[in-house]
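Student: sequence first, predicted model second:
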Number of protein chains: 6
Amino acid sequence: MPAGSGRRVSRFPLADVAGLPEDLRERILGIQDKTGFVPNVFLGLAHRPDELRAFLAYHDAVMERDGGLSKAEREMVVVATSATRSCTYCVVAHGAILRVRARDPLLSDYLATDVRQAPVTPRQTALLAYAVRLSTTPELVEDADLEVLRSHGLTDDDIWDVGAVTAFFAMSNRLAHAMALVPNEEFHLMGRLPRGDRAGG
Amino acid sequence: MPAGSGRRVSRFPLADVAGLPEDLRERILGIQDKTGFVPNVFLGLAHRPDELRAFLAYHDAVMERDGGLSKAEREMVVVATSATRSCTYCVVAHGAILRVRARDPLLSDYLATDVRQAPVTPRQTALLAYAVRLSTTPELVEDADLEVLRSHGLTDDDIWDVGAVTAFFAMSNRLAHAMALVPNEEFHLMGRLPRGDRAGG
Amino acid sequence: MPAGSGRRVSRFPLADVAGLPEDLRERILGIQDKTGFVPNVFLGLAHRPDELRAFLAYHDAVMERDGGLSKAEREMVVVATSATRSCTYCVVAHGAILRVRARDPLLSDYLATDVRQAPVTPRQTALLAYAVRLSTTPELVEDADLEVLRSHGLTDDDIWDVGAVTAFFAMSNRLAHAMALVPNEEFHLMGRLPRGDRAGG
Amino acid sequence: MPAGSGRRVSRFPLADVAGLPEDLRERILGIQDKTGFVPNVFLGLAHRPDELRAFLAYHDAVMERDGGLSKAEREMVVVATSATRSCTYCVVAHGAILRVRARDPLLSDYLATDVRQAPVTPRQTALLAYAVRLSTTPELVEDADLEVLRSHGLTDDDIWDVGAVTAFFAMSNRLAHAMALVPNEEFHLMGRLPRGDRAGG
Amino acid sequence: MPAGSGRRVSRFPLADVAGLPEDLRERILGIQDKTGFVPNVFLGLAHRPDELRAFLAYHDAVMERDGGLSKAEREMVVVATSATRSCTYCVVAHGAILRVRARDPLLSDYLATDVRQAPVTPRQTALLAYAVRLSTTPELVEDADLEVLRSHGLTDDDIWDVGAVTAFFAMSNRLAHAMALVPNEEFHLMGRLPRGDRAGG
Amino acid sequence: MPAGSGRRVSRFPLADVAGLPEDLRERILGIQDKTGFVPNVFLGLAHRPDELRAFLAYHDAVMERDGGLSKAEREMVVVATSATRSCTYCVVAHGAILRVRARDPLLSDYLATDVRQAPVTPRQTALLAYAVRLSTTPELVEDADLEVLRSHGLTDDDIWDVGAVTAFFAMSNRLAHAMALVPNEEFHLMGRLPRGDRAGG
């Protein structure tokens, strides 16, 4: 039996999707239609509908916003900062999303283990270094850190976005650890195969 | 000239309240009516209305919810965890709110410096130790930590609340550090005086 | 009942002032006459008169000495370094003294939470950074750190003073933690009000 | 172009297999025959034939030895301890080997992110905790740690093996970081698919 | 030329003994008569006579006091805590004094490298663990730590002494690092030889 | 009775030299002939002949190799990195070897306590800083660190040697801590006396 089968998914109650308020139920079923499964974070947070609703609104505001950061770059921030906090759910789930968004089967593994050696652009190296600093030792962030980002062409709006994504996932990492949330098995393989061979593709 | 006068309040643009969407403007003016000033966190986040809206919804969901944790205890979690991250805005602002909610002029100063020596109940000592662990080393939280809280009479709903407040302010601390957000001067004295003598009371 | 009432002040015996050797009794009564109360550190150390006597002599030698550092700056060093060691007694008591000496009701709160963001002069930023480094990781101090201070106009005598104050309070912090020393309640409000309104002023 | 293509594999010269001493050349070609590629660690170390030869002899002595630890468990130690040192090469390469040896496509991802939450047996949890402690803070290992392992049925020979594998990979991690060694792309997917679908299977 | 010859002894001025106030000059010459050399710490502090005087008074109060701790045990505290702060002067000088006082040529080397493995009595293991905790993370000292010491037969006066020695040398370590104080060469060999063979004996 | 007498030398079985395979027996007896005693590390590892054999082969490959690093400099790397891991066996034994190889009775004591203040050449300061970084936080090593070494005239072969010695002793430190290996008493005094007076000289 592979690791993960039959494991407890969260320390707290999992929601029954059918019993959720309509807006949340529709959101979750929409994701299931698109992805083929319901990510466990939804099931883990939904026993608190107001918190899940705010979580989703915040998530969309920082992850879906148009701007200078690509969606793949936002996911890179998530994987790199979540790895510094050993957040299995966030690293595995967002590592999968990053593979899909960056069309790169390898990058998540690099970011999950050692962001400093990951083969990204100098601009991305800089923004990831800022994100990791803000995530792990936010009190050390200083004006000079923002100057570095500006020297790589980031606007203040872009810098805000890096910070907002980092901050939101500092929260998510702690929610996941409080739950001991287990990632769905589907995430582990997602985006690792060339499109034609993709499992469930 | 005392420290703080004329200081930069945030590294990012401060919103003009008059130009905000109506729901946010009304919320902020309501706070100003009640407290006498607009806390800087609103002005610092409001250049991103969607994010401020989600921030407020999340804040209310975890701080205003009925349950086994008193509002003062929620603020205790905020002050203790924000202190571990050297978050001046959160410690000063929520230290003030805690003084008011706990009707205790001293407790915030203890929690801000050394949560371990603060004169609180054994139950509060336990929930603050859990909050600090989840905030600083979330990956070390284990089932046994929750058992300790249950042994002090916390329900799983209460434990969730401690975790949710902690996680939300892990985000807030990082937003405040990204902004280098300065607390309003009014917070420093709030709740320190007996009611009859209170400055601005 | 506010936090702090009836608390144990020290893990070790508190001295009875009346029974102390005359030189210590007079010193303590002199402070009481001037301040209105006897700071708990005297009562906590006095069961060892030789140690209290040496402590006071050392304190006066580094805190009262004429030189390039103002008395307020010496207190800034005390508050900033004591905060890194979570020393409630030192932060609260010397935070109060700093408010009085600097005639600034806010500065102590900034230094107690995040010395890096405190609104002080560049020279003070530099000397506080040196003090915090010497306090927390003294083995990392190198010649270049002193050069930075010289570039801000500090003489070697001034640099010695910063180091001596830092070292003395590294000792004090540990004595206070060994005692679990509780600050007098009077310190919390001292220096927070405009002179006309000052409690006990 | 996916991440990793055309990257520098090591900071130091890569060996040309054809030019190696016969024993090393045969060993490497044998691995290539079996696995389909030459792991980069061989190419990175081989400019120093004596060191590669000693490395292989030591590796075999601790990884191939018969005893109470299964080969999969030895790889678990490698992945868990290498993850604490952010060693991309070791985590990716030995993560792959672990997937194959444990016939488990998920376990490596758990161990690579948060060994504490990995779904392993209590005996494995204990031996991994010992390995991580010996790897990260070896000076804190004490007799009581070995007693815990004995209470889970490990013999002293088994405990030695855990320690020897841990120590050997403490060396390997540092060699890999000195080289900035990049893992072969083949490792990322190895062992992730059911046997019938396995890439290169 | 051996290491140490002609090195700068301190970053700050060294005092000329002949020019010191009489009480300090006599004290220093007395030590020279007894030991054969003037320890550099005296020469390094003496440009501030008031501070050296207070330093000596405090030193004698905590190191020469009668009580349950032997003088050798006090030196053990000095070596063990100074080692955690990489204080070369204190480790080398007090390592020498400990060899003499304990009539043991090896113990200092053990304490200087890994206090946890030093071959001392269980009582000494406990008091050294307390001293190291108070020195490195004083904020973590709690009532339970003192209970452990009491269970080994230490009185509260003994516990105070351990804390006072630890605190005094937390100060000394920082003074030595501020000076980059170099130990006298004589200390390195002192107490290492059987009495008949002792260099300078 | 001096510390160390009759102490347990290792947590695991010590080998009987007479019963070892001939190659290992001859190697060990050769060392005994030359040095006058058998270093405990041989006796501690020899219950695993294959591992001891690989250990010795690796040791010789990195420590005895001709190249730009002197043998004394290799031992400096060993002492400095082992000190950061509180490895009593490695610090005491290789401190002794360094005293002999560098003909310097003091240098080991400096390196064992605070590598940053040791009186070595700028080139040695740089290579020791690299070694300590690779030993303690290998994931932070970056290209720029190697550039610094090149600016001091180290070739890439020399840099490899520093890294290889560091990595090998990262393993040795962990083996020694797993064994709680005690250094032979002979090491403590070796190389401390002028040649004419040298104990066993």
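Tutor: Yep, it's here. Residues are numbered from 1 along each chain as shown, chains lettered A, B, ... in the order given.
Student: ok, now which ones touch the closest residue to A:Ala15 other than its chain neighbours?
Tutor: Leaving aside its sequence neighbours, A:Ala15 sits nearest to A:Ala46 (CB to CB, 6 or more residues apart in numbering or on different chains; 3.3 Å). In short, each C-beta sits where N, CA and C put it, glycine included. For A:Ala46, the contact set (CB atoms under 8 Å, 6 or more residues apart in numbering or on different chains) comprises A:14-15, A:17, A:20, A:24, A:28, A:52.
Student: give me the residue from chain A nearest chain E.
Tutor: Residue nearest to chain E within chain A (CB to the nearest CB): A:Glu139, separated by 16.9 Å.
Student: and the closest residue to that residue other than its chain neighbours, helix, strand or coil?
Tutor: Using CB to CB, 6+ apart and skipping residues adjacent in sequence, the residue nearest A:Glu139 is B:Ser86, 3.8 Å away. Secondary structure for B:Ser86, judged by DSSP: H, G, I helix; E, B strand; the rest coil, is coil.
Student: who touches A:Thr136 in this structure?
Tutor: Residues near A:Thr136 by CB under 8 Å, 6+ apart: A:81, A:84-85.
Student: same thing but at 10 Å, please
Tutor: By CB atoms under 10 Å, 6 or more residues apart in numbering or on different chains, A:Thr136 lies in contact with A:81, A:84-85, A:166, A:170.
Student: check chain A for its longest helix and report it.
Tutor: Assignment by DSSP state H gives helix A:156-179 as the longest helix of chain A.
Student: from the contact counts, what lies against whichever helix or strand comes after that one?
Tutor: Counting by DSSP states H and E, the element after helix A:156-179 in chain order, helix or strand, is helix A:185-189. Here helix A:185-189 is seen to pack against helix A:88-102, helix D:107-113 when contacts are counted using 3 or more CB pairs under 10 Å, 6 or more residues apart in numbering or on different chains; DSSP states H and E.
Student: out of those, which one sits most buried?
Tutor: Mean neighbour count (mean count of other CB atoms under 10 Å in any protein chain shown) peaks for helix D:107-113 among the helices and strands packed on helix A:185-189, with a mean of 27.
Student: how far out from the middle of the chain is that one?
Tutor: When distances are taken as CA atoms, centre = their mean, to the nearest Å, helix D:107-113 is centred 13 Å away from the chain's centroid.
Student: now do the contacts for the residue in chain A positioned nearest to chain C.
Tutor: Closest residue of chain A to chain C, CB to the nearest CB: A:Glu139 (5.7 Å). By CB under 10 Å, 6+ apart, the contact set of A:Glu139 is A:133, B:84-88, B:173-174, B:176-177, C:113-117.
Student: with those in mind, which one is nearest to A:Asp33?
Tutor: A:Asp33 has its nearest neighbour among the contacts of A:Glu139 in B:Arg174, at 33.7 Å by CB to CB.
Student: wait, isn't the closest one in contact with A:Asn173?
Tutor: No. B:Arg174 lies out of contact with A:Asn173 (CB atoms under 10 Å); the separation is 11.2 Å.
Student: now list whatever residues contact both of those two.
Tutor: Counting by CB under 10 Å, 6+ apart, the contacts common to B:Arg174 and A:Asn173 are A:81, A:135.
Student: follow-up on the earlier one: pLDDT added to the contacts of A:Ala46, as JSON lines?
Tutor: Compiled in JSON lines, these are given as follows (pLDDT from 0 to 100):
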{"residue": "A:Leu14", "pLDDT": "95"}
{"residue": "A:Ala15", "pLDDT": "91"}
{"residue": "A:Val17", "pLDDT": "92"}
{"residue": "A:Leu20", "pLDDT": "96"}
{"residue": "A:Leu24", "pLDDT": "97"}
{"residue": "A:Ile28", "pLDDT": "96"}
{"residue": "A:Leu52", "pLDDT": "98"}
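Student: ok, of those, which come out buried?
Tutor: Buried members of the contacts of A:Ala46, counted by 16 or more other CB atoms under 10 Å in any protein chain shown: A:14-15, A:20, A:24, A:28, A:52.
Student: between which two of these is the distance greatest?
Tutor: Spatial extent of the buried ones among the contacts of A:Ala46 (CB to CB) is set by the pair A:Leu14 and A:Leu24 at 13.7 Å.
Student: common neighbours of those two, please.
Tutor: Counting by CB under 10 Å, 6+ apart, the residues touching both A:Leu14 and A:Leu24 are A:42, A:45-46.
Student: just for chain A, where's the confidence low?
Tutor: In the prediction, chain A carries residues with pLDDT under 70 at positions A:1-5, A:195-201.
Student: close to chain F: what parts of it are there?
Tutor: Proximity of chain A to chain F (CB under 10 Å from any CB of the partner chain) is limited to residues A:113-117.
Student: which SS state does A:Ala144 fall under?
Tutor: Recorded secondary structure, A:Ala144: helix (three-state DSSP).
Student: grab the nearest non-local neighbour of the residue in chain A that chain F sits nearest to.
Tutor: At 5.7 Å from chain F, A:Asp114 is the closest residue in chain A, using CB to the nearest CB. Excluding the flanking residues, the one nearest A:Asp114 by CB to CB, 6+ apart is D:Ser86, at 4.1 Å.
Student: what's around the one you found, how many residues?
Tutor: Residues lying near D:Ser86 (other CB atoms under 10 Å in any protein chain shown) number 22.
Student: would you mind measuring from it to D:Ala112?
Tutor: Per CB to CB, to the nearest Å, D:Ser86 is found 10 Å from D:Ala112.
Student: what touches both of these two?
Tutor: What both D:Ser86 and D:Ala112 touch, as defined by CB under 10 Å, 6+ apart, is the set A:83, A:112-113.
Student: who's in contact with A:Leu128?
Tutor: By CB under 10 Å, 6+ apart, A:Leu128 lies in contact with A:73, A:76-77, A:79-81, A:111, A:115-116, A:118, A:120, A:162, A:166.
Student: tell me the buried residues within these.
Tutor: By neighbour count, with 16+ other CB under 10 Å, the contacts of A:Leu128 hold A:73, A:76-77, A:79-81, A:111, A:115-116, A:118, A:120, A:162, A:166 as buried.
Student: how about the spatially closest residue to A:Gln32 that is not a sequence neighbour, what does it touch?
Tutor: The shortest distance from A:Gln32 to any non-neighbouring residue, by CB to CB, 6+ apart, is to A:Val38 (4.9 Å). By CB under 10 Å, 6+ apart, the contact list for A:Val38 reads A:15, A:17, A:28-29, A:31-32, A:46, A:184.
Student: ok so, going back, now the helices and strands packed on helix A:185-189 as TSV including distance to F:Ala129?
Tutor: Compiled in TSV, those are given as follows (distance: least, CB to CB, whole Å):
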stretch	distance to F:Ala129
helix A:88-102	32
helix D:107-113	30
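Student: of the ones you listed, which is nearest C:Met190?
Tutor: Across the helices and strands packed on helix A:185-189, closest to C:Met190 is helix A:88-102 (CB to CB), at 46.2 Å.
Student: so how far is B:Asn173 from A:Val41?
Tutor: Noted for A:Val41: a distance of 22 Å to B:Asn173, by CB to CB.
Student: ok, now A:Tyr89?
Tutor: Distance from A:Tyr89 to B:Asn173, by CB to CB: 21 Å.
Student: swap in A:Leu127?
Tutor: Relative to B:Asn173, and taking CB to CB, A:Leu127 is found at 20 Å.
Student: can you tell me the helix or strand for A:Arg133?
Tutor: Assessed by DSSP H and E, A:Arg133 sits inside helix A:122-136.
Student: just the CA trace of that helix, in CSV.
Tutor: Written as CSV, here are the backbone C-alpha positions of helix A:122-136 (Å, rounded to 0.1, in the frame of the first residue of the first chain):
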residue,chain,number,x,y,z
PRO,A,122,18.0,37.1,-12.2
ARG,A,123,14.8,39.1,-11.8
GLN,A,124,13.1,35.9,-10.4
THR,A,125,16.1,35.2,-8.2
ALA,A,126,15.7,38.6,-6.7
LEU,A,127,12.0,38.5,-6.1
LEU,A,128,12.3,35.0,-4.6
ALA,A,129,15.0,36.2,-2.3
TYR,A,130,12.8,39.0,-1.2
ALA,A,131,9.8,36.7,-0.7
VAL,A,132,11.8,34.2,1.4
ARG,A,133,13.2,37.0,3.6
LEU,A,134,9.7,38.5,4.1
SER,A,135,8.4,35.0,4.9
THR,A,136,11.1,33.9,7.3
